[in-house]
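Student: need a 3D model of the following:
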Amino acid sequence: MKRIKNFPNLILILLLSLIVVTACQNDDDSSANNNNPQENIPDTFSEYFGNEISRDFLGTVIDKNHNPIEGATITIGSETATTDSNGVFIINGATVKQRFGYIKAEKAGYIHASRSVVPSIGTNKVTIMMLEATVVGSVTSGTSGTVTATDGSSVSFDGNFIKEDGSTYDGSVDVILHHLDPADDDMPMQMPGMLYAENENGAERMLQTLGMLAVELRGSGGEDLNLAEGSTSEIKVPVDASLMSIAPNTIPLWYFDEVNGYWKEEGQATLQGNMYVGTVSHFSFWNCDIPAEAITLCVTATNEDNVPLANMYVSITSATFGTTYGHTNENGEVCGYVPSNESLELNVYSYDVCGDTPLHTETVGPFTVDSNITVIVPDNPDIIEETVVGTFNTCDGNAVTDGYVKLSYGYQTFIDTVTNGEFEINLLRCSDNNTFAIEASDYANLQVTDSISYTFATPLTNIGTISACNDVTEFVQYTIDNDESFLFFENFSVAFNENLDSTSGPFIDIVGQSNGQGNCFYLNGKLNEPEYLGTYDYINYNEQDDTGFFIGECLSVSDENNNITYNLTALGNVGEYIDINFSGSYEDWDGNAHTINGVVHVLRDN
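Tutor: Numbering: from 1, shown residues only. Predicted structure coming up:
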């Protein structure tokens, strides 16, 4: 798999906030970032966030192996949802602030996880990686002790613990400990919130991390614990070898406020060898960071015709504070925090499957206030713009109102919401790969489709109508004149004959009955040798060497002006699937013109 250099391998990806992932501070004297007592600091930190607004969210929750986590509880303000079997959640109309939205994820067996974003208009997409609540070691109340992980990170205790209600706890204490390394590609998905903070003077800052430590304490009954008032613990946070040259001798410590969703400055750590060592008085996540003044920057990426470009990687690099990144939503927009008062390098990339060369580079800034900019990505002959549209219905033919569609192309996956049964996915693809797969989920009714293969009909691919029916193993579905849809899901006869020794050549016959409704479906195709898969047109049986497909008998399709295109994308063995999608125009037996598009997903009988 090819990657964009220095970018994390995000298959289910979906970060909308620009997150600091590298560090380039070369001077131990961070006086340029000292708190300015003349700053206009609001009475409460939340005043930085702006007014309340309503925004839509679509997210994916995964584990450390990038597998989906089902049944995680998601909270945004007063709204809650639960992840489905794909680890996906949808919350529409959540109340957030103009410059700040906070998404929490919880599930038994995992430590508390979250993501914070600068909300954009449109669908805000996030990916949260939850870490297992694995006990690294145990200590006993009343006795000092130290728990050390295999990478050398450690926490020391004086033996005094309290429960959540403030009462004293006596007994064994399990210590859950995770070190989050900035050199790890997955760290931006694992860390809570985003690298945005309140300093000790109450001013907002973005952070440049050199390492984090997640600590959670559990009693013998599974209850959450913390340090008793007046108690302290020593923490040791390893610094990756690649960051040692830029690590200052002392660095501010920041803890994550799990109620409000941002970091707060409290204390400092000292570099001892390759470890930052500091003293803390309570536990959540602790972070070793260099702060910088920040503004919010929203970037909209368009093509030369001013059409928004969705699902693009956008990176912004500061000579002082490293690289931040995100990807654009359906409006071509991505927002986040960047350093103020600096010229920044902005790069726009296609997805990593197409290589690591940016499609567009320019210098932006310096910015002193929150800003919005538009960047125009020039045409590239090696990258193709695609739009995939369709209709998603329930099994009884009603429009899905709360669901999503997942498009898989190469190593990338795009997930977009369905609005009143309609969906649209925009992406860039490489010129050497023109197949993709679609899987749709009715989030409200917990119904899904199979994953169906399609071929791009550049630049617009209309896959027609698909339906979510869990217990349907094979089906044929098509729509005529973008109006009337037909669904067949039983009584199929599917024959494939290689017939290699015959002049007739290999062929497919598919026959289906429409559940006693008096309709039927018949598809016949003669295939190319030896590569069966590919694109076919109408077959003229009067020409012996012709190959192609024909829909006949029950569907009124004549030989005249038959311009239907068929894409054979899968031809499995017996008991496996044959996938065909088709679209185009034709005349019926009465000479009337029609359009049609549909999909065949049936099991091969022989």
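Student: number of residues surrounding Gly221?
Tutor: Residues lying near Gly221 (other C-beta atoms under 10 Å) number 8. Every residue, glycine included, has its C-beta placed from N, CA and C.
Student: where does it fall, phi/psi-wise?
Tutor: Backbone torsions for Gly221, taken as degrees, to the nearest 10, come to phi -100, psi 10.
Student: tell me the pLDDT at Gly332?
Tutor: Note for Gly332: predicted pLDDT of 90.
Student: all strands for the stretch 51-200 of the chain, in order.
Tutor: 52-62, 73-76, 79-82, 88-97, 101-106, 113-117, 123-129, 135-140, 145-148, 154-157, 161-163, 168-169, 172-180, 196-198 (DSSP state E, counting those that start in this stretch).
Student: Phe496 is nearest to which of these?
Tutor: strand 88-97 (35.3 Å; C-beta to C-beta).
Student: packing partners of that closest one?
Tutor: strand 52-62, strand 73-76, strand 79-82, strand 403-409, strand 412-418 (3 or more C-beta pairs under 8 Å, 6 or more residues apart in numbering; DSSP states H and E).
Student: could I get those strands as JSON lines with mean pLDDT, distance to Ile121 and mean neighbour count?
Tutor: Below are the helices and strands packed on strand 88-97 laid out as JSON lines (pLDDT from 0 to 100; distance: least, C-beta to C-beta, whole Å; neighbours: other C-beta atoms under 10 Å):
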{"stretch": "strand 52-62", "mean pLDDT": "95", "distance to Ile121": "8", "mean neighbour count": "21"}
{"stretch": "strand 73-76", "mean pLDDT": "95", "distance to Ile121": "16", "mean neighbour count": "20"}
{"stretch": "strand 79-82", "mean pLDDT": "92", "distance to Ile121": "18", "mean neighbour count": "15"}
{"stretch": "strand 403-409", "mean pLDDT": "91", "distance to Ile121": "19", "mean neighbour count": "22"}
{"stretch": "strand 412-418", "mean pLDDT": "86", "distance to Ile121": "14", "mean neighbour count": "22"}
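Student: and of those, who's closest to Val299?
Tutor: Of all the helices and strands packed on strand 88-97, strand 52-62 sits nearest to Val299, with 17.7 Å by C-beta to C-beta.
Student: so what does the closest one touch, helix or strand wise?
Tutor: Applying 3+ C-beta pairs under 8 Å, 6+ apart, we find strand 52-62 packed against strand 73-76, strand 88-97, strand 101-106, strand 123-129, strand 412-418.
Student: rewinding a little: distance to Asn540 for the strands of the stretch 51-200 of the chain - can I get that in TSV?
Tutor: Shown next, in TSV, are these (distance: least, C-beta to C-beta, whole Å):
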stretch	distance to Asn540
strand 52-62	47
strand 73-76	56
strand 79-82	54
strand 88-97	46
strand 101-106	57
strand 113-117	56
strand 123-129	46
strand 135-140	71
strand 145-148	76
strand 154-157	77
strand 161-163	80
strand 168-169	83
strand 172-180	64
strand 196-198	65
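Student: Phe256: which of the ones you listed is closest?
Tutor: strand 113-117 (8.2 Å).
Student: that closest one pairs with which strands, and in what direction?
Tutor: If you go by DSSP bridges, strand 113-117 pairs up with strand 101-106 (antiparallel).
Student: tell me which residues in the strand it pairs with are buried?
Tutor: Gly101, Tyr102, Ile103, Lys104, Ala105 (16 or more other C-beta atoms under 10 Å).
Student: next, the angle strand 123-129 makes with that strand.
Tutor: When axes from the mean of the first three to the mean of the last three C-alpha atoms, to 10 degrees is applied, the directions of strand 101-106 and strand 123-129 differ by 40 degrees.
Student: what angle separates strand 101-106 from strand 88-97?
Tutor: 140 degrees.
Student: give me the angle between strand 101-106 and strand 52-62.
Tutor: Here the directions of strand 101-106 and strand 52-62 differ by 40 degrees (the same axes, to 10 degrees).
Student: nearest to Gly365 among the buried residues of strand 101-106?
Tutor: Closest approach between the buried residues of strand 101-106 and Gly365, by C-beta to C-beta: Gly101, at 24.2 Å.
Student: test my guess that the closest one contacts Pro119.
Tutor: Yes. The pair Gly101 / Pro119 is scored as a contact, 4.4 Å apart, by C-beta atoms under 8 Å.
Student: stretch 583-591: end-to-end distance?
Tutor: 19 Å (C-alpha to C-alpha, to the nearest Å).
Student: what touches both of Gly101 and Pro119?
Tutor: Common contacts of Gly101 and Pro119, defined by C-beta atoms under 8 Å, 6 or more residues apart in numbering, comprise Arg55.
Student: mean confidence for stretch 478-491?
Tutor: Stretch 478-491 comes out at a mean pLDDT of 76.
Student: just how off-centre is that stretch within its chain?
Tutor: In terms of C-alpha atoms, centre = their mean, to the nearest Å, the centre of stretch 478-491 is found 32 Å from the chain centre.
Student: check which residues of it are buried.
Tutor: Under the neighbour-count criterion of 16+ other C-beta under 10 Å, stretch 478-491 has Tyr478, Thr479, Ile480, Ser485, Phe486, Leu487, Phe488, Phe489 buried.
Student: residue contacts, the residue nearest to Val375 when sequence neighbours are not counted?
Tutor: Spatial nearest neighbour of Val375, chain neighbours left out: Ala301 (5.5 Å); criterion: C-beta to C-beta, 6 or more residues apart in numbering. Neighbouring residues of Ala301 by C-beta under 8 Å, 6+ apart: 308-309, 312, 314, 328, 332-334, 348, 360, 374-375, 377.
Student: and stretch 256-263, how far apart are its ends?
Tutor: Span of stretch 256-263 from end to end, C-alpha to C-alpha: 4 Å.
Student: my error: substitute stretch 397-415 in the last question.
Tutor: End-to-end span of stretch 397-415 (C-alpha to C-alpha): 22 Å.
Student: chain center to it: distance?
Tutor: Distance, centroid of stretch 397-415 to centroid of chain: 12 Å (C-alpha atoms, centre = their mean).
Student: most surrounded residue in the contacts of Ala301?
Tutor: Most surrounded of the contacts of Ala301: other C-beta under 10 Å gives Val334, at 28 neighbours.
Student: Ser120 is in contact with that one, correct?
Tutor: Yes. Applying C-beta under 8 Å, one finds Val334 in contact with Ser120, separated by 7.0 Å.
Student: count of residues packed around Gly137?
Tutor: 16.
Student: excluding chain neighbours, what is closest to it?
Tutor: Val147 (3.6 Å).
Student: my read: Ser156 touches Thr148, true?
Tutor: No. Applying C-beta under 8 Å, one finds Ser156 not in contact with Thr148, separated by 9.3 Å.
Student: before we move on, back to that, which one of the contacts of Ala301 is nearest to Phe456?
Tutor: Of all the contacts of Ala301, Leu309 has the smallest distance to Phe456: 16.7 Å, by C-beta to C-beta.
Student: my guess is the closest one meets His327, correct?
Tutor: No. Counting by C-beta under 8 Å, Leu309 sits too far from His327 to count as a contact (10.3 Å).
Student: which stretches of the chain have low pLDDT?
Tutor: 1-40, 42, 351-355, 471-472, 489-490, 499-505, 513-519, 541-545, 553 (pLDDT under 70).
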